[in-house]
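Novice: Fold the following for me, if possible:
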Amino acid sequence: MDSVAPKNRSRRIVARVAAALGSLLAILLLLAAVIDANWLRGPLERRASAATGRVVRIAGPMHLHLFSFTPALSLAGLSISDPPSAPSGELLSLPRGSIAIRLLPLFIGRLVVERIELDQPVLNLWMDAAGRDNWDLHANAQQPASGRSANLPVIHQLVVNDGHLDFHDAKRRLNFAGQINAANRSAARASGDFELKGDGQINGKPFSLEVHGDSLLGVTADRPYRFASDLRAAGTQLSLQGSITRPFDLNDFQAHLTAAGPDLADLYYLTGLPFVNTARYSLSGNVQRHGSQIRIDSLDGRLGDTDLHGSLEVDLGGKLPLLVANLDSRRLDLSDLLPAFGGPARNGGGVGAPAPEKIAGSQAAPAGLLPDAKLDVARLRSANARVHYRADDIKANRLRLAHFDFQLRLEDGVLRLQPFVFTLPEGRVRGELVIDAHSDVPHSRADVRVQDVRLREFASAGSANPPFEGELQARAQLAGSGDSVHAVAANADGRVTIVLPGGAMRKSLAELSGIDVLHGLGLLLTKNSEETGIRCGVAAFDVRDGTMGVQKLVLDTDPVKITGRGSIDLGPETWDIELRGAPKHPSLLRLRTPITITGPLGKPTVGVDKVALIKQLAVSGALAAATPIAALIAFVDPGLSKNANCSALLEAAAPAAQGAPATSPKVPLAAAP
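Specialist: Residues are numbered from 1 along each chain as shown. Down below sits the predicted model:
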């Protein structure tokens, strides 16, 4: 008996709920029969305008169809205005349209769209240079637009007749005009029923875009929706083939990506990510997006003649996009890195013929040695990045490099390479670079060390007798402002010191200039190897406002001590150096002619000063500034002050420094002691 009572109560509750729903449905059907849908125009316009912050108007007639399990609304003359802060314009204009939804899923909280039909819709999208757009209907929301949900309801039938899309992005210099058409075709039709085709301009260069999607008939929330897109722009091609995991949640998809073009930096106008300039590239990988996270795995491709592998991840949920990359190359062609520093690109043969033009607009190769290509500071402020790159084998014109490794960090407009390391068969080059792009004219500073590098590594290919032999130690510490490598160097301050603690100078040095440099400096060569031993060499420069003034230039050889004075001007990129040799033994008292190094930095002229002959041996001791050599070589490596090869030079320099005269006026930047 007790069990029967609860069952009866349950039946009564179900009956009452059913009666209530039946009464409500009857009332709604009665209202639908007598109410004109146009009476709803005013309330709908006010509600939609308040929800979007835009002016929403329905100028034409409305029709409401409620006597169905798929109630529908049709209207004419729908328009949605641009934001109030923008010039007068329309985000959307729709001459005619209709929407039908499934009634039963609403009772379990799901919105399923049975059919949408749009006739000649016009969608105008734009973004200004400050990043403000007209399609964000949640402009006052706390969450960034890139991190908000793009989860659309399932749409089973989509019909778009002669749709038009206009897109203008001032920040990325992108303009697009396209036609949208979608029709109901069989679900088995391979070509799909959604199609977007159009063309436009990116940074003044033409491009075309095609997007195709599967048929929408039979689409369900738990079955992936396949799509394919292809973009071509001035030599750049970007293709995606994949699926949206849960139609139509645009925050969750996976696809296979292929990309190729003349310069990876061109993708900035498509992605907003500040990739560096590169040689011609060809890449592929698997893309996955989950919410604001986009990841590319199994990345594989080439930049010029350099292979590239690894993974990328982009986080769109913050104030700025964050790019995290872990990349490596089995073989790096060093010339493929030149575009990243403003040098000319050399298109690799394995990727294809070079494109006639670039989206980004390439700089012409600089006339001088230092690149003049401009750094776009706006790009450095557009995203954050953390990149680790390694190369196991390196191809260079003259250097033999065994390994390359760098850590890059870009945060709030400040780029740091800390550190970058080139490893040679013997020795390495290690440094740090910081570029602060907070201001329109970026400020850069660099600290680079050369440790235990054999000079024979700099010999020309096939050279069996390089002009110098020894183990090089050096350090350069420079800072300057400018938007190119040349501009920074032209006003740089700092110091550069080079130390050669032992080695040899060979007769082949004379062949470099076409004159008898060895005879001019009073050097003796042994009969067997035709070389002169180097005990210690120091070249120290004080850099001020782009001029490298000789602070100390001395090369201590077995028979002669060579000293020098002058400067190197990084602005016009010119040499003005004079070298003189002072014999150490009475048998070498015959004085030699000074050797001059003048002309362009990349192609200097080595000659003999036929007018100014050495008149007394003491002159050569006054050519360099009085700064102690021990302090100069300690800047490179404190341990060098105890080097046996340089000890004699240090001892000889100590008493001379106490009473040495001031630097000759010919030296433009004499360093203080």
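Novice: Please enumerate the helices of the stretch 251-400 of the chain.
Specialist: For the stretch 251-400 of the chain, the helices defined by DSSP state H, counting those that start in this stretch cover 268-271, 377-380.
Novice: Least confident of these, on average?
Specialist: Lowest mean pLDDT within the helices of the stretch 251-400 of the chain: helix 268-271, at a mean of 80.
Novice: Could you export it as PDB, CA atoms only?
Specialist: The C-alpha trace of helix 268-271 is given here as PDB (Å, rounded to 0.1, in the frame of the first residue of the first chain):
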ATOM      1  CA  TYR A 268      52.900  39.100 -39.900                       C
ATOM      2  CA  TYR A 269      50.100  40.600 -42.100                       C
ATOM      3  CA  LEU A 270      48.200  37.300 -41.900                       C
ATOM      4  CA  THR A 271      48.900  36.200 -38.300                       C
END
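Novice: So for stretch 384-397, mean pLDDT?
Specialist: The average pLDDT for stretch 384-397 rounds to 89.
Novice: no, scratch that, I was asking about stretch 40-49
Specialist: The model assigns stretch 40-49 a mean pLDDT of 85.
Novice: Name the residues that touch that stretch?
Specialist: Stretch 40-49 has contacts (Cβ atoms under 8 Å, 6 or more residues apart in numbering) with 55-58, 62, 64. C-beta here means a position set from N, CA and C on the backbone, and glycine is covered the same way.
Novice: Redo the helices of the stretch 251-400 of the chain as a markdown table? Include mean neighbour count and distance to residue 330.
Specialist: Output for the helices of the stretch 251-400 of the chain, formatted as a markdown table (neighbours: other Cβ atoms under 10 Å; distance: least, Cβ to Cβ, whole Å):
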| stretch | mean neighbour count | distance to residue 330 |
| --- | --- | --- |
| helix 268-271 | 19 | 26 |
| helix 377-380 | 18 | 29 |
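Novice: Follow the chain on from the worst-scoring helix or strand of the chain on mean pLDDT and name the next helix or strand.
Specialist: Least confident helix or strand of the chain, by mean pLDDT, DSSP states H and E, is helix 618-621 with a mean of 36. As assigned by DSSP states H and E, the chain's next helix or strand after helix 618-621 is helix 629-636.
Novice: looking at this, residue 44 is in a helix?
Specialist: Yes - judged by DSSP: H, G, I helix; E, B strand; the rest coil, residue 44 forms part of a helix.
Novice: Against residue 62, how distant is it?
Specialist: Distance, residue 44 to residue 62, by Cβ to Cβ, to the nearest Å: 8 Å.
Novice: leaving aside the residues next to it on the chain, what's closest to the residue positioned nearest the centre of the chain?
Specialist: Against the mean C-alpha coordinate of the chain, by Cα atoms, centre = their mean, the closest residue is residue 275 at 2.4 Å. Nearest non-adjacent residue to residue 275, counting by Cβ to Cβ, 6 or more residues apart in numbering: residue 264, 4.5 Å away.
Novice: thought the one you found was touching residue 280?
Specialist: No - under the criterion of Cβ atoms under 8 Å, residue 264 is not in contact with residue 280, lying 9.2 Å apart.
Novice: Identify the contacts common to those two.
Specialist: The contact sets of residue 264 and residue 280 overlap at residue 303 (Cβ under 8 Å, 6+ apart).
Novice: Walk me through the domains of the protein.
Specialist: Per the record, the chain has its domains at 105-133+152-242, 251-383, 398-659, by automatic domain parsing.
Novice: Nearest to residue 51, out of these?
Specialist: Minimum separation from residue 51 across the domains of the chain (Cβ to Cβ) falls at domain 105-133+152-242, 15.9 Å.
Novice: Can you get me the start-to-end distance on the closest one?
Specialist: End-to-end distance for domain 105-133+152-242, by Cα to Cα, to the nearest Å: 28 Å.
Novice: Could you check how far that domain is from the centre of its chain?
Specialist: 29 Å (Cα atoms, centre = their mean, to the nearest Å).
Novice: can you check stretch 99-114 too?
Specialist: Averaging C-alpha positions (Cα atoms, centre = their mean) puts stretch 99-114 46 Å from its chain's average.
Novice: if we can go back for a sec, would you turn the domains of the chain into a markdown table with distance to residue 40?
Specialist: What follows is these, written out as a markdown table (distance: least, Cβ to Cβ, whole Å):
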| stretch | distance to residue 40 |
| --- | --- |
| domain 105-133+152-242 | 18 |
| domain 251-383 | 33 |
| domain 398-659 | 50 |
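Novice: quick one: which of those is nearest residue 73?
Specialist: Between residue 73 and those, the tightest spacing by Cβ to Cβ is seen for domain 105-133+152-242, at 10.8 Å.
Novice: Among the domains of the chain, which comes closest to residue 99?
Specialist: Nearest to residue 99, of all the domains of the chain, is domain 105-133+152-242, at 5.3 Å by Cβ to Cβ.
Novice: Give the rounded mean pLDDT of the closest one.
Specialist: Computed over domain 105-133+152-242, the average pLDDT equals 80.
Novice: now swap in stretch 63-72 and tell me
Specialist: 83.
Novice: All further residue positions should be reported with the first residue as 52.
Specialist: Understood, numbering begins at 52; the last thing we discussed is stretch 114-123.
Novice: quick one: that stretch to chain centroid distance?
Specialist: 54 Å.
Novice: Pretty sure residue 552 sits against residue 691.
Specialist: Yes - judged on Cβ under 8 Å, residue 552 makes contact with residue 691 at a distance of 6.1 Å.
Novice: Common neighbours of the two, please.
Specialist: Common contacts of residue 552 and residue 691 (Cβ under 8 Å, 6+ apart): 524, 697.
Novice: Show me the shaky parts of the stretch 402-551 of the chain.
Specialist: Applying pLDDT under 70 to the stretch 402-551 of the chain flags residues 402-418, 449-450, 509-517.
Novice: Which parts of it are strands?
Specialist: For the stretch 402-551 of the chain, the strands defined by DSSP state E, counting those that start in this stretch occupy 435-446, 454-462, 465-474, 479-487, 494-505, 519-532, 544-551.
Novice: what pairs with residue 589 across the strands?
Specialist: Note on residue 589: beta-bridge partners by DSSP bridges are residue 550, residue 605.
Novice: measure it to residue 604 for me?
Specialist: Counting by Cβ to Cβ - residue 589 and residue 604 are separated by 7 Å.
Novice: Among these two, which residue is more densely surrounded?
Specialist: Higher neighbour count among residue 589 and residue 604: residue 589, with 26 against 23, using other Cβ atoms under 10 Å.
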